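Q: got a sequence here, can you build the structure:
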Amino acid sequence: MNNDAVNVSQVWWKNGFVWLIIAGPALVVVAGFITLYLAMSRPNEIVNDDSYQPSRQSDQSIEARRKESGSAPAMQARNHAATGVVPAAK
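A: You can find the predicted model right below:
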């Protein structure tokens, strides 16, 4: 057998695996530019104090529940985890 015929190599740009490896990072760069374009062309709306008014009803219901239970459930759980003492039922 002729060893020269077995060791014939192709130029790199004719090998398909090279383009497969180059395609991954190239797609990421293209996607980055598309994301940049979308971010620059569609800015978020500015929320001012006149257009945003928090709901006071939900705040009042939270305060009412907190007064009923003595403290918020999350606070009870935190205290239980820190001290190991089970809160007394009312």
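Q: so, low pLDDT: which residues of the protein?
A: Within the chain, the stretches with pLDDT under 70 are 1-8, 49-72, 87, 89-90.
Q: in it, which helix has the most residues?
A: As assigned by DSSP state H, the longest helix anywhere in the chain is helix 16-41.
Q: where does Pro43 sit: helix, strand or coil?
A: Of the three states, Pro43 takes coil under DSSP: H, G, I helix; E, B strand; the rest coil.
Q: let me fix that: Val85
A: Classification of Val85 using three-state DSSP returns coil.
Q: who are the packing partners of the longest helix of the chain?
A: Here helix 16-41 touches no other helix or strand, going by 3 or more C-beta pairs under 8 Å, 6 or more residues apart in numbering; DSSP states H and E. The way it works is simple: take the backbone N, C-alpha and C, and place the C-beta from them, glycine included.
Q: report the buried residues of stretch 18-34.
A: Neighbour-count burial for stretch 18-34, counted by 16 or more other C-beta atoms under 10 Å, picks out no residue.
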